[in-house]
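In: following is a predicted model, sequence given first.
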Amino acid sequence: MLVQRILDFIKTLEQESKLIPCDARLYVCLVERFSKRKPADELTANDLHFLLACYKSRWDSIFDKEDDYTRHTSTINQHWIDLARELAPSAKINYLKILIPTLTNETDLNDFSSLTETVNLFNFFLGEGGKTLYRKLSFCKHLESRQFELSTYRADGRLSIVTVDELTRLKLCKHTQREVSIDSERFINFWDLLRKKVFVNLGTNGRMPIALLPHLLEIVENYYDFKSKGVNFAFFKKDIKNFFNRMKVFAVADINFLYGTKIEYKEDEQYLMDLFIAMNTANDYKDLEYEMKVLSKWMYQFNSELKAKGEELNPLYADLEKNIKEESPFIKTNDFVNCCKLIVSLFTIQFEFSFFFTRQTHSFWDIKNNVFPEALSIFTVLLPAIVANKPKVLEHAYKDIIQDIVIPARNDKSWYTWLTRNHSVCNWLKLVQNCRFDELDVYWYEPELLLNALLLFNTQNPYLKIRINHFLDNIIQTYAQNQNELMKQLRVNILFTEFLEGLNENHRKNLFRVISLCNIDQAKSNFLNNCTKHINQRISDLCQSKENTAPNFFASVAKKERTNTFTLPHDAETVEAIILCFKNQLSGLRIEPQKAEIISDYLFSLGQPILTAEQKEQAKNSSRPTLDYIGQYT
């Protein structure tokens, strides 16, 4: 290519009435380099390198902005595109990679057609991360082949959600009068096609990804908090981006369900997806005042537990509460639940004792704790009902315990009590008498509900994931034991209270919100399926970790394709039966010996008997053999 072509291009820039800042800057650079050169000279390798650097600088400036090549069909954009096409043979590089230096694909990821089959750049849209191009025609054919389910393929062959970034780019393309058609149906433009053929079907399949909703509520709370404190909007925008990134680990159908949820927003924009796009394009807090109120209203109407903190929202919630019939709490607070919370507190609170007091120890299954005399009396009264699996007895005994033990103990002002009783004991008596267990950080949930909620709980913290897996293993091991239901429920809730101690305030808040959104009936009916799901996930993770030279604690949060090692047997009615069936299946699977050993050890740990505290003490001084998970000596 001759220098003359660049000089012509410089004149073209001069003729533009107003250049955008990056073009004005590049115009100066081009003039400085080429204005004194001979028009007949050939461009040198250094010249080509310089021009490619100019294109890179321009792309960095216009990427995902109004003048993006894929969004705006401006005259100046077309001049840059034409020059790139002419430079391509000399630079020995595809003209698209001149325009978009970060581009990683040469074929469309949905149908493997060449990107060069598309001439006009407004018929492309940028994919995830802005480093891939998709042909709108190929995307349309892909949607049509999948009955207009919103989805797309990635470079690794994964069928993925269409991200909010991608939807935003499709919506903001300024070439709005390009009519498109499918068979005999005609649409004003590509976005019109998506709204009428694709978005109307978003809620057809899938279900609400409730694990995302606490994070969405957090967005609202941060909005009002950051805004009141004058925090730079960029920090809030980062929170929005993090929320959108969380979507990538969820099933396509579930994210589509979220996108397609109807809201009271704007006349021609009635989906949550529309609101997400508005959040994605906002540049200031004032851009989202209406959106945050719409979002707050929808979440509260979806579930009253999703109520954001913020004085500005109080009038909104007050109006909603007038129109929404008050529902009963998800977990009914009754004497049985309170009695169970009382028992849990006796094994999770570390009571302090004075120098003059001889501490007493009580134990439940494999858990023990040091307590004061009245606590030991309470547990002695309740233990027979626990062992006999009689929840009704606990329910009836609760008020008697409060009246006959707790209140008298609290009213005891003797010198001996004054000398021996510590503040932690006094505080426990006061809070238990007034049924304020939440102030003791003690809760009670059905184990099936906890398993379901923690499988759904979405976190990017690798250490928290490890703790969650350990707790879920404990639930499954507990339910694999030959013990009654009440014993199992108590052990799981004691362990859950201990699990909560290691969570920061934000994780605790989000976990409780996920629990409140879960349906207890569904959790119970899916309990064995959820156990199987967790076991398969754990086996997959354990086998993958052995393939690495070291544990990768900071692995990508992108969703991994998993192959289930086991499926739930049709005749399995207990967790113990599931584990036994899985161990029997293991010998018939084609798995490397090392991985088979890992799986076998894991299944053994799930079914291993849980020794009582007394048995553990005896085992220290005994050579009695250990039992395997089906109760046989090893």
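Out: Yep, it's here.
In: helices of the stretch 51-200 of the chain, start to end?
Out: All helices of the stretch 51-200 of the chain, identified by DSSP state H, counting those that start in this stretch, fall at 75-91, 95-99, 136-145, 164-172, 190-193.
In: buried ones in the longest one?
Out: It stands for helix 75-91. Buried positions in helix 75-91, judged by neighbour count with 16 or more other Cβ atoms under 10 Å: 76-77, 79-81, 83-84, 87-88, 91. Every residue, glycine included, has its C-beta placed from N, CA and C.
In: report the distance from stretch 566-586 to the chain centre.
Out: How far stretch 566-586 lies from its chain's middle: 29 Å, per Cα atoms, centre = their mean, to the nearest Å.
In: same check, this time on stretch 226-242
Out: Here stretch 226-242 is found 20 Å from its chain centre; the criterion is Cα atoms, centre = their mean.
In: got the contact list for that stretch?
Out: With contact meaning Cβ atoms under 8 Å, 6 or more residues apart in numbering, stretch 226-242 is reached by 218-219, 222-223, 225, 279-280, 282-285.
In: now, among these, which is nearest to Tyr271?
Out: Met279 (13.0 Å; Cβ to Cβ).
In: quick one: contacts for the closest one?
Out: Neighbouring residues of Met279 by Cβ under 8 Å, 6+ apart: 164, 219, 240, 288, 291.
In: ok, 10 Å please
Out: Applying Cβ atoms under 10 Å, 6 or more residues apart in numbering, one finds that Met279 lies in contact with 164, 168, 219, 223, 236-237, 240-241, 243-244, 287-288, 291-292, 295.
In: now, the most widely separated pair of the buried residues of helix 75-91?
Out: Across those (Cβ to Cβ), the longest gap, 21.0 Å, separates Ile76 and Ala91.
In: name the nearest of the contacts of Met279 relative to Phe139.
Out: Closest to Phe139, out of all of these and judged by Cβ to Cβ, is Thr168, at 15.0 Å.
In: these two touch, right, the closest one and Thr70?
Out: No: with contact taken as Cβ atoms under 10 Å, Thr168 and Thr70 are classed as non-touching, separated by 11.7 Å.
In: give the buried subset of the contacts of Met279 as a PyMOL selection command.
Out: Here is the PyMOL selection string for the buried members of these, based on 16+ other Cβ under 10 Å:
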select buried, resi 164+168+219+223+236+240+243+244+288+291+292+295
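In: what about the chain, any weak spots by pLDDT?
Out: The model of the chain has pLDDT under 70 over residues 174-178, 323-333, 354-359, 415-416, 418-420, 545-564, 622-634.
In: if you set the cut-off to 50 instead, what comes out?
Out: 326-333, 549-561, 628-634 (pLDDT under 50).
In: got the domain ranges for it?
Out: Listed by the TED database, the domain ranges of the chain are 1-101, 103-201, 210-323, 334-440, 447-545+566-619.
In: show me what contacts the nearest residue to Val294 once chain neighbours are set aside?
Out: Nearest non-adjacent residue to Val294, counting by Cβ to Cβ, 6 or more residues apart in numbering: Tyr265, 5.4 Å away. If a contact means Cβ under 10 Å, 6+ apart, then Tyr265 has 271-272, 274-275, 278, 290-291, 294-295, 298 as its contacts.
In: next one: Leu288
Out: Contacts of Leu288 (Cβ under 10 Å, 6+ apart): 219-220, 223, 227, 233, 236, 240, 275, 278-279, 281-282, 294-295.
In: of all the residues in the helix ranked longest in the chain, which ones are buried?
Out: Assignment by DSSP state H gives helix 527-547 as the longest helix of the chain. Of all the residues in helix 527-547, those buried under the rule 16+ other Cβ under 10 Å are 527-528, 530-541, 543.
In: for the following helix or strand past it, name the packing helices and strands.
Out: Next in sequence after helix 527-547, counting helices and strands by DSSP states H and E, comes helix 575-586. Secondary-structure packing of helix 575-586 (3 or more Cβ pairs under 10 Å, 6 or more residues apart in numbering; DSSP states H and E): helix 462-479, helix 527-547, helix 593-607.
In: can you list those in a markdown table and add distance to Leu306?
Out: Listed next are the helices and strands packed on helix 575-586 as a markdown table, based on distance: least, Cβ to Cβ, whole Å:
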| stretch | distance to Leu306 |
| --- | --- |
| helix 462-479 | 22 |
| helix 527-547 | 23 |
| helix 593-607 | 34 |
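In: residues in contact with Glu128?
Out: 109, 134, 152, 154-155, 160-163, 165-166, 248.
In: helix/strand/coil for the residue nearest the centre of the chain?
Out: Among the residues of the chain, the one closest to the centroid is Asn458, at 3.1 Å (Cα atoms, centre = their mean). Under DSSP: H, G, I helix; E, B strand; the rest coil, Asn458 falls in the coil class.
In: need phi/psi at the closest residue in space to it that isn't next to it in sequence.
Out: Among residues not flanking Asn458 along the chain, Ala211 sits closest, at 4.4 Å (Cβ to Cβ, 6+ apart). The phi and psi values for Ala211, taken as degrees, to the nearest 10, are phi -70, psi -20.
In: equivalent analysis for His72, please.
Out: Dihedral pair for His72: phi -120, psi 130, per degrees, to the nearest 10.
In: output stretch 26-38 in PDB with nothing but the alpha carbons.
Out: Taking Å, rounded to 0.1, in the frame of the first residue of the first chain, the C-alpha atoms of stretch 26-38 are listed here in PDB:
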ATOM      1  CA  LEU A  26      -5.200  10.000  15.900                       C
ATOM      2  CA  TYR A  27      -5.600  12.600  13.200                       C
ATOM      3  CA  VAL A  28      -2.700  14.600  14.800                       C
ATOM      4  CA  CYS A  29      -0.600  11.400  15.000                       C
ATOM      5  CA  LEU A  30      -1.200  10.500  11.400                       C
ATOM      6  CA  VAL A  31      -0.400  14.000  10.200                       C
ATOM      7  CA  GLU A  32       2.900  14.100  12.200                       C
ATOM      8  CA  ARG A  33       4.000  10.700  10.700                       C
ATOM      9  CA  PHE A  34       2.800  10.900   7.000                       C
ATOM     10  CA  SER A  35       2.200  14.500   6.000                       C
ATOM     11  CA  LYS A  36       5.900  15.100   4.800                       C
ATOM     12  CA  ARG A  37       6.200  11.600   3.200                       C
ATOM     13  CA  LYS A  38       6.200  11.100  -0.600                       C
END
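In: quick revisit: quick check on the contacts of Glu128: which are buried?
Out: Looks like the contacts of Glu128 have 109, 134, 152, 160-163, 165-166, 248 buried, using 16+ other Cβ under 10 Å.
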